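Participant: would you be able to build a 3D model of this:
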Amino acid sequence: MTVPPQQPPGGWQPPQPGGYPPPPGTYPQQQPQYPQQYGPPQQRPYPQQPPPYPQGYPQQPPPYPQPQQPPPVVKRIPEDLPFVARHSVKKRVLLFGGVGGGFSLLFAAFVGLGSGEPLAGLGVFGCFAVMFGLIFGLQLWLLTSGGPVLAFSPAGLWIKTRPTRGQAIWLPWEAIERVYQRRWTFDKLLCVKPRDPRTGTNLGTFTALDSSVQQLVFGTGFTAPLNFADRPEAEIIAAVAHFSGGRVRVN
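Facilitator: Sure, this is the predicted structure:
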């Protein structure tokens with residue numbers, strides 16, 4: 001008589017190959033899948049070089065701009081340039097002599113007519129003539145003893161920084177914004193305006209004072225006489241246009 005095999009109690013099942021099945025109501029856990037080109041985190045390759053800059057982005061910051069050197073300054077304008085203009089002593093003497101003589105004659109007439117003594121008027125005329133002669137003589141010496149007032153070359157120009165004795169500054173044509181003319185009493189002035197408004201600001205107290213006054217009146221601190229120069233006005237303007245070669249606006 002054959003005895004049948006005994007069944008496990010309570011419907012218990014023996015473990016199957018590969019482990020127990022998951023309990024009811026749970027999801028099977030899955031291993032994370034990594035892209036084939038990277039692999040697991042511990043095996044991902046580190047980039048050897050940083051990514052390049054986008055096109056048009058600067059690779060390095062621009063260099064810091066170096067401070068510009070101040071323009072050369074001399075005591076006297078060189079006289080070996082192609083075009084040189086000076087003060088006209090003859091024109092200045094005629095102007096100062098006429099003004100001084102006119103005022104002296106006017107005061108002498110008042111004194112002579114008021115006192116009824118012609119000799120008194122003549123004495124007053126002589127005194128005022130000497131006084132004005134000394135004043136205008138000193139002014140004439142200050143103006144004419146400083147050398148030329150303008151000098152041009154194809155590279156630039158020299159111009160005085162003060163109307164009387166003083167320094168002269170070199171301005172390349174590329175550093176000049178415009179050249180124009182302005183009238184002042186009996187004279188007409190050639191005005192040179194640099195592109196950088198700081199040009200000539202470190203040339204001393206007296207130069208700064210004269211330059212500030214001219215800046216208010218003429219729009220620039222660099223001026224030169226035209227009517228009282230030893231060259232005609234038209235010749236000076238033509239020389240500016242010729243040597244600048246169109247790099248400066250002349251009007």
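
Participant: ends of stretch 82-95, how far apart?
Facilitator: 29 Å (CA to CA, to the nearest Å).

Participant: for the one helix or strand F206 maps to, which positions count as buried?
Facilitator: Taking DSSP states H and E as the criterion, F206 maps to helix 205-218. By neighbour count on 16 or more other CB atoms under 10 Å, the buried set for helix 205-218 is 207, 210-211, 214, 218. C-beta: built from backbone N, CA, C; applies to glycine.

Participant: next one: stretch 241-251
Facilitator: Buried-residue list, stretch 241-251, by 16+ other CB under 10 Å: 243-244, 248.

Participant: next one: stretch 175-193
Facilitator: Neighbour-count burial for stretch 175-193 flags 175-176, 179-182, 187, 189-193 (criterion: 16+ other CB under 10 Å).

Participant: pull stretch 130-147 out as PDB, backbone CA atoms only.
Facilitator: Extracted in PDB, the C-alpha atoms of stretch 130-147 (Å, rounded to 0.1, in the frame of the first residue of the first chain):
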ATOM      1  CA  VAL A 130      55.900 159.500 -20.200                       C
ATOM      2  CA  MET A 131      53.600 157.500 -18.000                       C
ATOM      3  CA  PHE A 132      51.800 155.800 -20.900                       C
ATOM      4  CA  GLY A 133      55.100 155.200 -22.600                       C
ATOM      5  CA  LEU A 134      56.500 153.300 -19.600                       C
ATOM      6  CA  ILE A 135      53.300 151.200 -19.200                       C
ATOM      7  CA  PHE A 136      53.000 150.400 -22.900                       C
ATOM      8  CA  GLY A 137      56.700 149.900 -23.300                       C
ATOM      9  CA  LEU A 138      56.700 147.200 -20.500                       C
ATOM     10  CA  GLN A 139      53.700 145.600 -22.100                       C
ATOM     11  CA  LEU A 140      55.300 145.600 -25.500                       C
ATOM     12  CA  TRP A 141      58.500 144.000 -24.100                       C
ATOM     13  CA  LEU A 142      56.500 141.300 -22.400                       C
ATOM     14  CA  LEU A 143      54.700 140.500 -25.600                       C
ATOM     15  CA  THR A 144      57.500 140.500 -28.100                       C
ATOM     16  CA  SER A 145      60.500 139.200 -26.000                       C
ATOM     17  CA  GLY A 146      59.000 135.800 -25.600                       C
ATOM     18  CA  GLY A 147      59.700 134.700 -29.100                       C
END
